[in-house]
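**Q** would you be able to build a 3D model of this:
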Amino acid sequence: MSRSADNKTERYQIRIPPEQKAMISRAAALSHKDMADFILDKVVPEAQAVIEAAEVTKVSGRDFSRILDLLEHPPKPNAKLKAAIAALPDTL
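**A** The predicted model follows:
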């Protein structure tokens, strides 16, 4: 993921111990990247994975079919649901 000059719009600073900076710098050089590109290449996919884990619910094919079936043919409201609806305020 190489960044072009026109997409460098934000700056982010962090404080890290000198040993960690040296290690990252060495790894970046071995990867033929500058430190910023090296860090972004590692951090962005991890950030995407964290967001996906928090926001995406994965279900099996069987469960997905069941969900679709319930959406197309919802069950009739039972007494508890009717009571809960009756307890709601008139305006939400």
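**Q** and D37, how many residues sit next to it?
**A** Neighbours of D37 under the rule other C-beta atoms under 10 Å: 15. C-beta coordinates here come from the backbone N, C-alpha and C atoms, glycine included.
**Q** an error on my part: the question was meant for M35.
**A** What M35 shows, counting by other C-beta under 10 Å, is a neighbour count of 13.
**Q** list the contacts of the nearest residue to it once chain neighbours are set aside.
**A** Distances taken as C-beta to C-beta, 6 or more residues apart in numbering place A28 nearest to M35, at 4.7 Å, with adjacent residues excluded. By C-beta atoms under 8 Å, 6 or more residues apart in numbering, the contact set of A28 is 34-35, 37-39.
**Q** please apply the same query to V59.
**A** So V59 contacts I67 (C-beta under 8 Å, 6+ apart).
**Q** list phi and psi for it.
**A** In terms of degrees, to the nearest 10, the main-chain angles of V59 are phi -130, psi 160.
**Q** distance check, it against E72.
**A** 16 Å (C-beta to C-beta, to the nearest Å).
**Q** if we can go back for a sec, what are the buried residues along the helix or strand containing the residue nearest to M35?
**A** Element membership for A28, per DSSP states H and E: helix 18-30. For helix 18-30, the buried set under the neighbour-count rule, 16 or more other C-beta atoms under 10 Å, comprises A28.
**Q** what about A36, neighbour count?
**A** 13.
**Q** which SS class is Y12?
**A** Assigned with DSSP: H, G, I helix; E, B strand; the rest coil, Y12 falls in the coil class.
**Q** just give me the neighbour total for it.
**A** Neighbours around Y12, by other C-beta under 10 Å: 7.
**Q** from E72, how far out is it?
**A** From Y12 to E72 the distance is 47 Å (C-beta to C-beta).
**Q** against L88, how distant is L81?
**A** On the measure of C-beta to C-beta, L81 and L88 end up 11 Å apart.
**Q** please disregard the earlier target; I meant F64.
**A** 30 Å.
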